[in-house]
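Trainee: the sequence and its predicted three-dimensional model are supplied below.
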Amino acid sequence: MIFRRVALGLSGGVDSAVSAYLLKQKGFDVCGIYMKNWDDRDERGYCSSDRELEDAQFVADRLKIPLKEVNFVKEYWNDIFTNFIREYEEGITPNPDVLCNRIIKFDLFYKAAIDKFGCDAIATGHYARSSFGSFLEQYDGHKNVKLLEAIDTFKDQTFFLSQVPQQALKKCMFPVGTLTKSQVKEIASQIGLKNIAKKIESTGLCFVGKRTFQSFIAEFIDDKPGQFVDIDTGKVIGEHRGIHHWTLGQRTRLWGLKGYFVYKKDPVTRIIYAAPGTDHHLLWSDIFYTEHPFWIRENPFSNQNILKCEFRFQHTKPKVNCTIYKANDKGDKLLIKLDEPLRSITPGQYAVLYKDGECLGSSRITDAGTGPMNIQHENSNQINEVVNERRAQIN
């Protein structure tokens, strides 16, 4: 297949800007598309996305490519943000960026690019690589594509792409995946986009903006006060305004008390159990369950029941070796055993799995691996031994 017309997600940032330039250098007919996913105006009527659109238009004009705008605000609200709020109310800490890529950028954006704008492929400024090549020069319609880590391992964004469907991934280009961030900024400066290269890089959730997360979340969830309880003694040690203000591992900063950290939240009783000391053994875990996994290329359990690979649940943290077991016959629930414990593994976050530089996919974490589960298959005895060992450590 010959790819001529490419739709690029142009955000107004340096990564997508340089991606557009590299695509043009390769001779592609580039169509820039600005995705509006959130509409939030401050008290002065200023919307940050308006500035991003202005920057995207500046890049498009400089590179002489057309810029279109698509509005996914309604879909983002219904399919991502409402779930985000509901899970925070339930004491879960979700990761909306993974869902945004799966639902918005690699589904709605992909379909709009192909069906509405008549493009042959899409491209993004993500730091990632494809086994089909940065510009699909090794495309093979008869094979599934691999999602590979970027050359710049610190900027690598495969964590957030860990649930991208094959249909879109097979026709997606990652022009900056073989470059470092410093190289990308240098290219931007050389082609007259120095102002874009110098922009402060946006981090965190797009809809929070410059506010604190606590002030933002208070706009959508009413405070429901509860108690802090010492997990060791069972004694009440303080009060809080609501479990949605806290996440696992966070320092409580209780008045008159030092060194208490959130261990567990109970959405029914609104109790937050806190552990004394940042290195308290309850804050560390090497075993947990996940819900049904999303495999990018293929199910690695097709011919086996145990998988040796690497794990991370925070995209900037080093990967940890692990062993994964199917927790039921269907393989739609997993038990993950880490080679070394990590602190504050959090329900709602994603267990993203890697092997030999390939991102295999991800699965949402459900609990710390000590609760009961009906495991009935050939590995059940081995898994039960692992779980019982963890229970003994906690008790």
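Mentor: Everything's here; your move.
Trainee: which parts of the stretch 51-200 of the chain are helices?
Mentor: 73-76, 82-89, 96-99, 109-111, 166-169, 181-190, 194-197 (DSSP state H, counting those that start in this stretch).
Trainee: quick one: mean pLDDT over the shortest one.
Mentor: In this case it means helix 109-111. On average, the pLDDT along helix 109-111 is 97.
Trainee: what about the strands in the stretch 101-250 of the chain?
Mentor: 121-123, 129-130, 147-148, 172-173, 226-230, 236-240 (DSSP state E, counting those that start in this stretch).
Trainee: each with direction, which strands does the first one pair with?
Mentor: In the sheet containing strand 121-123, the strands it pairs with under DSSP bridges are strand 5-9 (parallel), strand 172-173 (parallel).
Trainee: helix, strand, or coil at L353?
Mentor: Each residue gets one of three states, and L353 gets strand by DSSP: H, G, I helix; E, B strand; the rest coil.
Trainee: thinking again about what came up before, any chance of the helices of the stretch 51-200 of the chain in JSON lines, with mean neighbour count and distance to Y263 too?
Mentor: C-beta here means a position set from N, CA and C on the backbone, and glycine is covered the same way. Shown next, in JSON lines, are these (neighbours: other Cβ atoms under 10 Å; distance: least, Cβ to Cβ, whole Å):
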{"stretch": "helix 73-76", "mean neighbour count": "16", "distance to Y263": "33"}
{"stretch": "helix 82-89", "mean neighbour count": "16", "distance to Y263": "18"}
{"stretch": "helix 96-99", "mean neighbour count": "19", "distance to Y263": "24"}
{"stretch": "helix 109-111", "mean neighbour count": "19", "distance to Y263": "40"}
{"stretch": "helix 166-169", "mean neighbour count": "18", "distance to Y263": "38"}
{"stretch": "helix 181-190", "mean neighbour count": "17", "distance to Y263": "36"}
{"stretch": "helix 194-197", "mean neighbour count": "16", "distance to Y263": "43"}
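Trainee: among these, which is nearest D61?
Mentor: Across these, D61 has its closest neighbour in helix 194-197 (12.1 Å, Cβ to Cβ).
Trainee: circling back to that earlier point, the strands paired with strand 121-123: which one's closest to K224?
Mentor: Of the strands paired with strand 121-123, nearest to K224 by Cβ to Cβ is strand 5-9, at 38.6 Å.
Trainee: distance from the closest one to the middle of the chain?
Mentor: 23 Å (Cα atoms, centre = their mean, to the nearest Å).
Trainee: rounded mean pLDDT for stretch 303-315, please.
Mentor: Mean pLDDT, stretch 303-315: 88.
Trainee: return the set of buried residues in that stretch.
Mentor: For stretch 303-315, the neighbour count (16 or more other Cβ atoms under 10 Å) marks L307, C309, E310, F311, R312, F313, H315 as buried.
Trainee: can I get those residues in a markdown table with distance to W246?
Mentor: A markdown table is the format used below for the buried residues of stretch 303-315 (distance: Cβ to Cβ, whole Å):
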| residue | distance to W246 |
| --- | --- |
| L307 | 33 |
| C309 | 31 |
| E310 | 29 |
| F311 | 25 |
| R312 | 23 |
| F313 | 18 |
| H315 | 22 |
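Trainee: please identify which of those is nearest to G234.
Mentor: F313 (29.2 Å).
Trainee: which ones are touching that closest one?
Mentor: L342, I345, T346, Q349, Y350, A351, V352, I365 (Cβ atoms under 8 Å, 6 or more residues apart in numbering).
Trainee: sorry, back to before: looking at the helices of the stretch 51-200 of the chain, spot the one closest to H240.
Mentor: Among the helices of the stretch 51-200 of the chain, helix 82-89 sits nearest to H240 (Cβ to Cβ), with 14.0 Å.
Trainee: so what's the gap between that closest one and the chain middle?
Mentor: 16 Å.
Trainee: and what of stretch 285-304?
Mentor: Offset of stretch 285-304 from its chain centre (Cα atoms, centre = their mean): 17 Å.
Trainee: distance between the ends of that stretch?
Mentor: Taking Cα to Cα, to the nearest Å, the first and last residues of stretch 285-304 lie 25 Å apart.
Trainee: stretch 303-319 now?
Mentor: 25 Å.
Trainee: cool, stretch 64-77 as well?
Mentor: 33 Å.
Trainee: for that stretch, give the mean pLDDT please.
Mentor: Across stretch 64-77, the average pLDDT comes to 95.
Trainee: buried set for that stretch?
Mentor: In stretch 64-77, counting by 16+ other Cβ under 10 Å, buried: I65, L67, K68, V70, F72, Y76.
Trainee: how many other residues sit next to the nearest residue to the third one once chain neighbours are set aside?
Mentor: Ranked by Cβ to Cβ, 6 or more residues apart in numbering and with sequence neighbours excluded, the top spatial neighbour of K68 is I33, at 5.1 Å. Using other Cβ atoms under 10 Å, I33 has 24 neighbouring residues.
Trainee: distance of I33 from A60?
Mentor: Distance of I33 to A60, computed by Cβ to Cβ, to the nearest Å: 10 Å.
Trainee: picking that back up, take the buried residues of stretch 303-315 and keep only those in strands.
Mentor: Using DSSP state E, L307, C309, E310, F311, R312 are the members of those that sit in strands.
Trainee: pLDDT below threshold where in the stretch 251-395 of the chain?
Mentor: The stretch 251-395 of the chain contains residues with pLDDT under 70 at 330-331, 368-395.
Trainee: residue boundaries of the helices in it?
Mentor: According to DSSP H, counting those that start in this stretch, the helices that the stretch 251-395 of the chain contains are 380-394.
Trainee: thinking again about what came up before, closest one to D279 among the helices of the stretch 51-200 of the chain?
Mentor: helix 82-89 (27.3 Å).
Trainee: elements contacting that closest one?
Mentor: If you count contacts as 3 or more Cβ pairs under 8 Å, 6 or more residues apart in numbering; DSSP states H and E, helix 82-89 packs onto helix 96-99.
Trainee: what residues does the helix it packs on touch?
Mentor: With Cβ under 8 Å, 6+ apart as the test, helix 96-99 has contacts from D79, I80, F81, N83, F84, F159, F160, S162, Q163, L205, Y350, S362.
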